[in-house]
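>>> Below is the sequence, then the predicted model.
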Amino acid sequence: RKRIVSGVQPTGSIHLGNYLGAIRNWILLQNTYDTFFFIVDLHAITLPYDAQQLSKATRDTAALYLACGVDTSKASVFVQSHVRAHAELMWLLSSVTPVGWLNRMIQFKEKSRKAGDENVGVGLLTYPVLMASDILLYQSDFVPVGEDQKQHLELTRELAERVNHLFGGRKWKKLGGRGGSVFKVPEPLIPPVGARVMSLTDGLSKMSKSAPSDQSRINLLDPKDVIANKIKRCKTDSFPGMEFDNPERPECNNLLSIYQLISGKTKEEVAEECRDMNWGTFKSLLADALIDHLQPIQVRYEEIISDSAYLDGILAEGAMKAAGIADATLNNVYQAMGFLQR
Ligand code: TYM
């Protein structure tokens, strides 16, 4: 079976963008593929963070995966730092990653500009190398992510090809290895709708965990009245009716797309249904649909998070299964790179 991996950072709260861009698609893929979903706690420390909160945020994120429908009889769920091979492979890959590739990363540029020089650790620069390790360790075929991770995936592919070229094939065989590629070159899976969910307060910037205003996003665990209120107060325009794809109406397009995904209707059905609505009518339709969709997730989340033994068991089992595969890849990399076998 083809293999899929993906992860979310346990920082801030998981929002509708994370759900529609990534997690929801994991649920659809887990039936057909061999899937590994992790909580990327090692990535979460690359900007200043609260050590008192990290472990709680990690468990919360795991519970949300399950609440959203990740089925652990099919998928492996684990915490990135519980599988040591991630950090270890990152070191090996760091030595063959040109600094120029990392300097070009848009997310690095944006995050470092926002954080200010004093807060930019080396880890923020090498972040994509760790992400490449997460993916390459599992010889993944596909990586379901939102649009904003596309460039990181591109770097992962280039890095895989570089290692295969530098250390794979005949060179590896001479060292006693199996030859061939060291890493499979993975492909991103970016959904046609939902890959870039925009802010509720500005249809031109993406919904994000780190945006200062909580009004700009719907968190998966927002209570009913908070959801209703955020939608009521979100940015509108003064055009009549509701329509997709009008570049002058980014907010309108964004909210219609959210409604399309949440309701499970087609774009045509939504366009038809909402064409003659005014903002007030549409907003209450959207708020109700969101509340109906998120409520069962919130109920399951409460059940899961209150049973810590169950959750810990899932994470331990996931880490064990993941480590088996990750360690095998890591050993191959050590061998191909010429290290003395232990
Ligand atoms: P993170 O935690 O920022 O986001 C998790 C997932 O949510 C997607 N996403 C969005 N999709 C649509 N609209 C939005 N507004 C939106 N905001 C976020 C992201 O694209 C992502 O799929 N570096 C990654 C985590 C990571 C990872 C990996 C992912 C680390 N290692 C290996 C895949 C494979 C990140 O920070 O995602």
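Received the coordinates, thanks. Numbers count the residues shown, from 1 in each chain.
>>> what's the burial count for Val185?
16 (other Cβ atoms under 10 Å). Every C-beta, even on glycine, is put in place using the N, C-alpha and C of the backbone.
>>> So it sits against Glu158, correct?
No: using Cβ atoms under 8 Å as the test, Val185 is too far from Glu158 to be in contact (9.1 Å).
>>> do stretch 171-190 and the ligand meet?
No: Stretch 171-190 is not in contact with the ligand by Cβ under 6 Å from any ligand atom; minimum separation 8.3 Å.
>>> what distance separates the start and the end of that stretch?
Using Cα to Cα, to the nearest Å, the end-to-end distance of stretch 171-190 comes to 35 Å.
>>> which bits of the protein sit near the ligand?
Counting by Cβ under 6 Å from any ligand atom, the chain sits next to the ligand at 5-9, 17-18, 20-22, 40, 43, 131, 134-135, 143, 145-146, 148-149, 152, 195-197, 206-207.
>>> Mind giving me the PyMOL command for buried ones among those?
Selection of buried members from these for PyMOL, criterion 16 or more other Cβ atoms under 10 Å:
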select buried, resi 5+6+7+8+9+17+18+20+21+22+40+43+131+134+135+143+145+146+148+149+152+195+196+197+206+207
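>>> and the residues of the chain next to the ligand, which of them are in strands?
Using DSSP state E, the subset of these located in strands is 5-8, 143.
>>> now those in TSV, with distance to Asp202 and pLDDT?
As requested, those are exported to TSV (distance: Cβ to Cβ, whole Å; pLDDT from 0 to 100):
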residue	distance to Asp202	pLDDT
Val5	32	98
Ser6	27	98
Gly7	27	98
Val8	23	98
Val143	28	98
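>>> my guess is Thr72 contacts Ala62, does it?
No: when contacts are counted by Cβ under 8 Å, Thr72 is not listed as touching Ala62 (10.1 Å).
>>> Give me the more crowded residue out of these two.
Between Thr72 and Ala62, counting by other Cβ under 10 Å, Ala62 is the more crowded of the two (26 against 17).
>>> Please report how far Gly116 lies from Lys109.
For Gly116, the distance to Lys109 equals 13 Å [Cβ to Cβ, to the nearest Å].
>>> no wait, Leu20
25 Å.
>>> now the strands for the stretch 101-250 of the chain?
Assigned by DSSP state E, counting those that start in this stretch, the strands in the stretch 101-250 of the chain fall at 142-144, 187-189.
>>> These: which one's closest to His165?
Nearest to His165, of all the strands of the stretch 101-250 of the chain, is strand 187-189, at 18.6 Å by Cβ to Cβ.
>>> buried ones in that closest one?
Under the neighbour-count criterion of 16+ other Cβ under 10 Å, strand 187-189 has 188-189 buried.
>>> re the thing from before, which residues do Thr72 and Ala62 both contact?
Listed as contacting both Thr72 and Ala62 by Cβ atoms under 8 Å, 6 or more residues apart in numbering are Ile314.
>>> By mean pLDDT, flag the weakest helix or strand of this structure.
Lowest on mean pLDDT, DSSP states H and E among the helices and strands of the chain sits helix 106-115, with a mean of 92.
>>> For that one, which helices and strands make contact with it?
Here helix 106-115 touches helix 122-136, helix 150-167, going by 3 or more Cβ pairs under 8 Å, 6 or more residues apart in numbering; DSSP states H and E.
>>> who's in contact with it?
Defining contact as Cβ under 8 Å, 6+ apart, one finds that helix 106-115 is touched by 47-48, 102, 120, 124-125, 127-128, 148, 151-152, 210.
>>> same thing but 7 Å
Around helix 106-115, the neighbours that count as contacts under Cβ atoms under 7 Å, 6 or more residues apart in numbering are 47, 102, 120, 124-125, 127, 151.
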